[in-house]
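Q: Curious how this folds, go ahead:
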Amino acid sequence: MHHTIDVNGLHYAYPDGTEALRGVDLYVAPGEKVALVGPNGSGKSTLLLHLNGILRGDGEVCVCGHAIGDENLGQIRASVGLVFQDPDDQLFMHSVFEDVAFGPMYLGLEQAELERRVMEALQAVGLEAFPGRVSHHLSMGEKKRVAIACVLSMKPEILVLDEPTAGLDPRSRREFIQLLDDLDQTMLIATHDMRMVAELLPRTIVLDQGMVVSDGETQALMSNAALLESHGLEAP
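A: The predicted structure follows:
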C-alpha cells in the first residue's frame, strides 16, 4: 500500500541562495492526521508548497502514489487541497458560491453537478446558508471555512493546512478544530497551536532548519520538554 504523501531527500533553496529544505524525508499514511511543527523559518510553509507542485525542489515528492511532475500537476492539485494561512490569498471572487465553484468549474462539470459539489462543500464546513454572501464581508473564522470549502469542492484525498487556527478568536478556534476533527481526509497541518496538536493530531513531525528532527507520537513529544525547548516549542 502506498503512502498518501511520500517525501524523499527533498532540498530547496530560494533564489537568493537561502536553503529552506535540507534533505527532508517524511511520509503520511492514508487517513492519518499529522502535525508539522517547528520554529519560524524552519521550512514548514516551503514544504507544504511542494506537496501540490507550487514549488519544485530537488528530491522526490510522491502524492497518492504518483511522483509530482509537469504531466500530472492537474491531477496532483485535485488530490491535494492546500489551505493557505491567510484566507484572502484563496478568496477572490464576488460571492462565496463563486469562490467555492472556482476549482470544479474547470473540471467541465454539468451545472447541476457543480452546484451539488459547492453545496456539499459548504455543508461540510457548516456554511450552507452562505452561498450568496460576499466573501470579503465574512469574519476570519468564516473566511477560513470558505477556504476549506474551496478545496473540498475538488474532492481531494489530502488536506494540507498552513496555520489554520491563526488569527481566530477562542470560540471560532474551538469550532474550527471540531470541523477538522469531523473531516475524514488525510491531513498534514503546519501550526504553532500546540494545544490543537495535542487534541487533534496523534502524530507530530518536528522540522527545524529545513530538516526533520523528530517524528513520532504527539503524546510522547509533548512530554519531552528538552526536545520541545531545543526547537523553540512549548508544551500546551
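Q: Okay, helices next: where are they in this structure?
A: 44-50, 73-79, 96-105, 111-124, 140-152, 170-182, 194-200, 218-222, 225-230 (DSSP state H).
Q: ok, residue 222 - contacts?
A: 194, 197-198, 228, 235-236 (CB atoms under 8 Å, 6 or more residues apart in numbering). (C-beta placed from N, C-alpha, C; glycine too.)
Q: Sorry, slip of the keys, the one I care about is residue 47.
A: Counting by CB under 8 Å, 6+ apart, residue 47 makes contact with 7, 10, 21, 24, 36, 190, 207.
Q: Among the residues you listed, which pair sits farthest apart?
A: Greatest spatial distance among those (CB to CB): 10 and 190, at 14.9 Å.
Q: Does residue 114 touch residue 103 like I think?
A: No - using CB atoms under 8 Å as the test, residue 114 is too far from residue 103 to be in contact (10.3 Å).
Q: More neighbours: which of the two?
A: Higher neighbour count among residue 114 and residue 103: residue 103, with 21 against 18, using other CB atoms under 10 Å.
Q: How about the contacts made by the more buried one?
A: Residues near residue 103 by CB under 8 Å, 6+ apart: 78, 150-151, 153-154.
Q: Can I get those residues in a markdown table including pLDDT?
A: Shown next, in a markdown table, are the contacts of residue 103 (pLDDT from 0 to 100):
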| residue | pLDDT |
| --- | --- |
| 78 | 88 |
| 150 | 95 |
| 151 | 94 |
| 153 | 95 |
| 154 | 93 |
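Q: got the CA coordinates for the worst-scoring helix or strand of the chain on mean pLDDT in CSV?
A: Least confident helix or strand of the chain, by mean pLDDT, DSSP states H and E, is helix 73-79 with a mean of 89. What follows is helix 73-79, C-alpha atoms only, in CSV (Å, rounded to 0.1, in the frame of the first residue of the first chain):
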residue,chain,number,x,y,z
LEU,A,73,0.2,18.7,-11.9
GLY,A,74,-3.6,19.0,-12.5
GLN,A,75,-4.3,15.6,-11.0
ILE,A,76,-2.0,16.3,-8.1
ARG,A,77,-3.7,19.6,-7.3
ALA,A,78,-7.1,18.0,-7.4
SER,A,79,-5.8,15.3,-4.9
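Q: and the gap between the residue nearest to residue 20 when sequence neighbours are not counted and residue 214?
A: Nearest non-adjacent residue to residue 20, counting by CB to CB, 6 or more residues apart in numbering: residue 46, 4.2 Å away. Distance of residue 46 to residue 214, given as CB to CB, to the nearest Å: 18 Å.
Q: Now do residue 148 against residue 228, distance only.
A: Note on residue 148: its distance to residue 228, by CB to CB, is 29 Å.
Q: which intervals of this protein have sub-threshold pLDDT?
A: Along the chain, segments meeting pLDDT under 70 span 1.
Q: If we use 90, what do you get?
A: Low-confidence segments of the chain (pLDDT under 90): 1-3, 18, 73-75, 77-78, 106-109, 136, 234-236.
Q: Test my guess that residue 92 contacts residue 98.
A: No - in this structure residue 92 lies outside contact range of residue 98 using CB under 8 Å: 9.2 Å.
Q: who's more crowded, these two?
A: Higher neighbour count among residue 92 and residue 98: residue 98, with 16 against 11, using other CB under 10 Å.
Q: returning to that earlier point: higher neighbour count, residue 46 and residue 214?
A: More neighbours surround residue 46 than the other of residue 46 and residue 214, with 23 against 19 (other CB under 10 Å).
Q: need the contact list for that one.
A: Residue 46 touches 12, 20-21, 55, 210, counting by CB under 8 Å, 6+ apart.
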